[in-house]
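>>> let me see the structure of the following:
(2 chains)
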There are 2 protein chains.
Amino acid sequence: MSKIVLYIAQSLDGFIAKPDGNLDWLTSTPPSEQGDYGYTELLNSIGTVIMGRKTYDIIIGFGEEWAYSGKETFVVTNDTNIEIKSPETHILTEDLINFVSGLKAKSEKDIWLMGGGQLIKFFIDNNLLDTMIISIIPKIIGNGIPLFPDHTLETEWKLENVQQFETGLVNLTYIKPR
Amino acid sequence: MSKIVLYIAQSLDGFIAKPDGNLDWLTSTPPSEQGDYGYTELLNSIGTVIMGRKTYDIIIGFGEEWAYSGKETFVVTNDTNIEIKSPETHILTEDLINFVSGLKAKSEKDIWLMGGGQLIKFFIDNNLLDTMIISIIPKIIGNGIPLFPDHTLETEWKLENVQQFETGLVNLTYIKPR
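Sure thing, here's the model as predicted:
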């Protein structure tokens, strides 16, 4: 049984992107001498990536080489005309709960839930999320897309790990009590 | 020169209270064997408490003995008819920036900014806040009063300290670079 892992950065005021999807406040984060904020470790632990349509568009919009080769990627969208511009990438249009439950059961490696907020809410509301690794960036950005949209299901989490970086980031890892 | 210190708890989704001010999700937090989450240390370091009108009403509404005896308390409000029900408590109706700047200059001990969100925004927007100690409670509560209201000034903070408790709380201390 694999786990679904959210690994995401948020501003101090709880946003994962500016209202237009802009991530300059995040990508300007300096590298840490203590490692890459858990990114390589996460990437080695997962075999699948799941993201929402807007998140996919933002990543493709960066215009950089696809970073998830060797992983299956699933983009959740109702738009069957979406143009897929990356390898090993599939669209998921329906029956997400069954699909994800099946994927968890059969996957050996974990599944990275990349975002965005609405998909995160869906996973939490349907009790599909197992682990959250939240990188807190030491900046207030004023407005944007919230990590946890309003009316995300009330849930308690267990703090599993805290990692502090000399650049001012903190990674907080929470797991869902079962 | 004293400092203005925000010491406050937030849910994982960034709220400091439920929409009606309810704090049951917070007050149900179990005590930690490692201490009282920095509360006594904070209380010993401050000589003055500043809070907004709604925060004052919530505290008075608890119906418990006034916890800040020996400190001067200032309640920020435009309502000059507010009924003060606690000792050493004054109302602040105008010219908050000048008052706070003067208080900082003349106080020996630090000043606790207790909240709520709108007053926190005012202090950040006017560059009055020096330190933030944020206790992150490992719960998503779904909706409420945000710690950082929308359009709080974009600012960078320096992570000063991280304290992890066995109960799942994390205290993050940030200071304003000067």
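
>>> what sits against the one residue sitting closest to the centre of chain A?
Centroid check for chain A by CA atoms, centre = their mean gives residue A:114 as the closest residue, at 2.1 Å. By CB atoms under 8 Å, 6 or more residues apart in numbering or on different chains, the contact list for residue A:114 reads A:7, A:8, A:49, A:50, A:51, A:55. No exception for glycine: its C-beta is placed from N, CA and C like everyone else's.

>>> so the fifth one sits in a strand?
In other words, residue A:51. Yes: Residue A:51: assigned to a strand according to DSSP: H, G, I helix; E, B strand; the rest coil.

>>> separation between it and chain B?
Noted for residue A:51: a distance of 20 Å to chain B, by CB to the nearest CB, to the nearest Å.

>>> which residue sits closest to that residue in space, ignoring its chain neighbours?
Leaving aside its sequence neighbours, residue A:51 sits nearest to residue A:114 (CB to CB, 6 or more residues apart in numbering or on different chains; 4.1 Å).

>>> what helix or strand is that neighbour located in?
For residue A:114, the element it lies in under DSSP states H and E is strand A:110-115.

>>> mean confidence score for that strand?
The average pLDDT within strand A:110-115 is 97.

>>> ok, stretch A:16-23 next?
Confidence for stretch A:16-23, expressed as mean pLDDT, is 95.

>>> name the single longest helix found in chain A.
helix A:96-106 (DSSP state H).

>>> what mean pLDDT does it get?
96.

>>> list the buried residues of that helix.
With burial defined by 16 or more other CB atoms under 10 Å in any protein chain shown, the residues of helix A:96-106 counted as buried are A:96, A:100, A:103, A:104.

>>> tell me which parts of chain A are close to chain B?
Proximity of chain A to chain B (CB under 8 Å from any CB of the partner chain) is limited to residues A:12-14, A:124, A:136, A:138-143, A:146-148, A:150-159, A:162, A:164, A:168-170, A:172, A:174.

>>> so which helix or strand takes in residue A:162?
Applying DSSP H and E as the criterion places residue A:162 in strand A:158-164.

>>> before we move on, back to that, make a markdown table from the buried residues of helix A:96-106 and add distance to residue A:132 to it.
Formatted as a markdown table, the entries for those read as follows, by distance: CB to CB, whole Å:
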| residue | distance to residue A:132 |
| --- | --- |
| A:96 | 19 |
| A:100 | 16 |
| A:103 | 18 |
| A:104 | 16 |
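
>>> what residues does the helix or strand that comes right after the strand holding residue A:162 touch?
Stepping forward along the backbone from strand A:158-164, the first helix or strand reached (DSSP H and E) is strand A:170-175. The set of residues external to strand A:170-175 that reach it, using CB under 8 Å, 6+ apart, is A:37-38, A:130-136, A:157-165, B:12, B:136, B:138, B:159, B:162, B:170, B:172.

>>> what's the answer for stretch A:37-50, then?
Residues outside stretch A:37-50 that contact it (CB under 8 Å, 6+ apart) are A:2, A:4-5, A:7, A:68, A:71-74, A:76, A:92, A:100, A:103, A:107-114, A:119, A:133, A:135, A:163, A:165, A:169, A:171.

>>> just the buried members of these?
A:2, A:4-5, A:7, A:68, A:71-74, A:76, A:92, A:100, A:103, A:107, A:110-114, A:119, A:133, A:135, A:163, A:165, A:169, A:171.

>>> how about the helices in chain A?
When assigned using DSSP H, the helices of chain A occupy the ranges A:24-27, A:39-45, A:53-61, A:96-106, A:117-125.

>>> deepest of those, which one?
A comparison of the helices of chain A by mean neighbour count, using mean count of other CB atoms under 10 Å in any protein chain shown, puts helix A:117-125 on top with a mean of 20.

>>> and residue A:117, how close does it get to residue B:29?
Distance, residue A:117 to residue B:29, by CB to CB, to the nearest Å: 26 Å.

>>> rewinding a little: so how do I select the buried members of the residues of chain A next to chain B in PyMOL?
Selecting only the buried entries of the residues of chain A next to chain B in PyMOL, with 16+ other CB under 10 Å as the criterion:
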select buried, chain A and resi 12+13+14+124+136+138+139+140+141+142+143+146+147+148+152+155+157+159+162+164+168+169+170+172+174
